[in-house]
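Colleague: Below is the structure, and that's it, no one-letter string:
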């Protein structure tokens with residue numbers, strides 16, 4: 001099995017593990033911290049998220065350039081590029097610390113109307129620890145980028161799985177002993193340092209990668225930033241997309257509303273992670289296709305294959321959450337978090353089209369044509385955030401996410417025109433083949449799922465019975481009537497391999 005297939009499989013294992021543990025752990029954390037402190041933990045994480053954009057898109061840049069140099073068999077160029085990147089990262093870490101210090105002294109003023117004096121003191125401590133964490137994590141992430149650029153996905157993903165399991169056990173232990181939100185950020189910082197050290201050892205000792213400055217080239221720095229600046233703005237847009245709502249609600253409302261909104265966002269990002277597990281391993285392949293000057297139809301074919309697989313996975317989750325999500329959230333974290341279900345459902349519906357077209361972004365990155373998308377999204381999501389802030393005054397978290405999603409939808413529709421006209425991706429054919437067989441069967445599954453939902457009861461046993469029945473119906477109908485032959489082969493091939501062994 002290739003590194004790409006193994007990487008995608010490990011991505012799904014990682015996501016399933018992360019989601020399952022996250023779903024089990026979140027109510028435990030809330031019960032130990034309380035709604036207020038959990039909201040504070042979420043809020044400070046969002047604030048630090050804005051500083052994290054100072055990565056300037058270098059991680060994705062490393063993936064792209066390492067893949068490019070390997071395709072060109074340019075070892076000297078690769079070593080020189082990596083050395084130059086590390087010098088840039090050194091300056092970025094210094095900038096993170098400086099901006100973090102400045103922000104630290106203004107936290108009290110920013111949240112003076114929504115946080116108590118005690119909450120502000122806790123917020124400052126958590127913020128300081130997370131800024132230190134970030135200053136180390138940004139350059140440390142470069143070693144993950146090197147692995148991915150070389151299409152070496154297995155080791156870093158296995159390490160990440162191990163880290164998540166161990167972190168979970170430590171979090172449960174610490175909280176059971178009376179630890180609070182500050183303890184959680186300390187735990188995350190310690191684990192980040194350990195994982196970075198392991199990845200560095202793997203890159204140097206196992207992959208035999210060398211980082212050597214053969215010559216300092218201003219031309220190379222310009223080339224790096226001409227590519228990464230648009231990735232940076234894309235990350236900035238992503239921060240607006242997921243974090244701005246929490247910041248707005250933190251200023252306008254209180255930590256409980258932020259907590260409810262944060263749980264909805266968490267469920268929405270879990271949804272997106274299932275699609276990104278597939279598309280996330282295809283940036284090196286997109287780079288190779290771009291270097292090889294693949295035609296628009298060839299790129300469309302690849303986008304359809306990846307998009308359909310994502311679509312089948314996402315429809316399963318979307319259908320289940322639409323039908324049984326409300327019951328799940330009420331059982332999971334209680335009636336206080338009812339709006340979290342609505343917020344997550346709005347995200348899932350609005351987020352599905354961009355997710356199934358995620359390979360399109362990989363193509364834009366590979367072709368160094370991110371400028372249009374990030375400017376478009378910066379504008380559209382900015383407008384959506386302002387609209388959300390206006391609606392939040394009256395409707396809280398629901399108003400905030402409604403405004404935000406309107407911005408996403410407008411931006412994605414305009415981007416499709418760009419894909420079609422400039423990148424030469426046949427968007428009309430993409431959507432036709434995306435829904436071919438799959439969507440009509442999904443409608444039938446939803447009808448049957450609605451009938452299953454009529455089974456009386458509200459407890460966990462009732463929820464699991466419905467979920468298992470829905471999953472069985474989805475798997476049976478989608479496999480037999482909704483999937484194309486090559487998609488069925490993706491399921492049959494690992495099973496055949498398993499039987500042989």
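Modeller: Done, it's in. Note that the structure is predicted; figures quoted are calculated from it, not measured.

Colleague: Excluding residues flanking it in the chain, which one is nearest residue 455?
Modeller: Sequence neighbours aside, residue 466 is the residue nearest to residue 455 in space, at 6.0 Å (criterion: CB to CB, 6 or more residues apart in numbering). Every residue, glycine included, has its C-beta placed from N, CA and C.

Colleague: Helix, strand or coil: sort out the one you found for me.
Modeller: Under DSSP: H, G, I helix; E, B strand; the rest coil, residue 466 falls in the helix class.

Colleague: what pLDDT does residue 346 get?
Modeller: Looking at residue 346, its pLDDT is 92.

Colleague: distance of it from residue 438?
Modeller: Distance, residue 346 to residue 438, using CB to CB, to the nearest Å: 23 Å.

Colleague: Phi and psi next, for residue 410.
Modeller: Dihedral pair for residue 410: phi -60, psi -50, per degrees, to the nearest 10.

Colleague: so who does it touch?
Modeller: Applying CB atoms under 8 Å, 6 or more residues apart in numbering to residue 410 gives the contacts 380, 383, 384.

Colleague: any idea which element residue 102 lies in?
Modeller: In the assignment (DSSP states H and E), residue 102 maps to helix 75-104.

Colleague: Quick check: buried residues in that helix?
Modeller: With burial defined by 16 or more other CB atoms under 10 Å, the residues of helix 75-104 counted as buried are 77-85, 88-89, 92-93, 96, 100, 103.

Colleague: And for stretch 471-486?
Modeller: Buried positions in stretch 471-486, judged by neighbour count with 16+ other CB under 10 Å: 473, 474, 477, 478, 482, 483.

Colleague: try stretch 436-447
Modeller: 438, 441, 442, 445, 446.

Colleague: Farthest-apart pair in the residues you listed, please.
Modeller: 438 and 446 (12.7 Å; CB to CB).

Colleague: Do you know the pLDDT at the residue nearest to residue 354 when sequence neighbours are not counted?
Modeller: Nearest non-adjacent residue to residue 354, counting by CB to CB, 6+ apart: residue 412, 5.1 Å away. With respect to pLDDT, residue 412 has a value of 88.

Colleague: State the distance from residue 412 to residue 350.
Modeller: For residue 412, the distance to residue 350 - CB to CB - is 9 Å.

Colleague: swap in residue 79?
Modeller: Separation of residue 79 from residue 350 (CB to CB): 44 Å.

Colleague: Let me see the confidence value for the residue nearest to residue 455.
Modeller: So residue 466 comes in at 95 (pLDDT).

Colleague: That one - how many residues pack around it?
Modeller: 21 (other CB atoms under 10 Å).

Colleague: now swap in the one 3 residues further on and tell me
Modeller: Each residue near residue 469 was counted by other CB under 10 Å, and the total is 16.

Colleague: What of residue 448?
Modeller: By other CB under 10 Å, neighbour count at residue 448 equals 16.

Colleague: ditto for the one 10 residues further on
Modeller: The local packing count at residue 458 equals 10, with neighbours defined by other CB under 10 Å.

Colleague: helix/strand/coil for it?
Modeller: Three-state secondary structure (criterion: three-state DSSP) places residue 458 in coil.

Colleague: nearest residue to it other than its sequence neighbours?
Modeller: Distance criterion CB to CB, 6+ apart; nearest residue to residue 458, sequence neighbours excluded, is residue 327 at 6.5 Å.

Colleague: correct me, but the one you found touches residue 464?
Modeller: No - applying CB atoms under 8 Å as the test, residue 327 and residue 464 come out as separate, 10.7 Å apart.

Colleague: ok, the two, which is more surrounded?
Modeller: Between residue 327 and residue 464, residue 327 has the larger neighbour count (other CB under 10 Å), namely 19 against 11.

Colleague: Name the nearest of the contacts of residue 410 relative to residue 338.
Modeller: Nearest to residue 338 among the contacts of residue 410: residue 384, at 23.5 Å, using CB to CB.

Colleague: Pull out the buried residues from the very next helix or strand once past the helix holding residue 102.
Modeller: For helix 75-104, the succeeding helix or strand toward the C-terminus, using DSSP H and E, is helix 107-110. Buried residues in helix 107-110, counting neighbours by 16+ other CB under 10 Å, are found at 107, 110.

Colleague: go on, stretch 387-397?
Modeller: Neighbour-count burial for stretch 387-397, with 16+ other CB under 10 Å as criterion, is recorded at 387, 388, 389, 391, 392, 396, 397.

Colleague: which residues in the stretch 101-250 of the chain form helices?
Modeller: Applying DSSP state H, counting those that start in this stretch to the stretch 101-250 of the chain gives helices spanning 107-110, 117-140, 142-149, 154-176, 181-201, 218-252.

Colleague: Setting the sequence-adjacent residues aside, check what's closest to residue 220.
Modeller: Spatial nearest neighbour of residue 220, excluding adjacent residues (CB to CB, 6+ apart): residue 84 at 5.6 Å.
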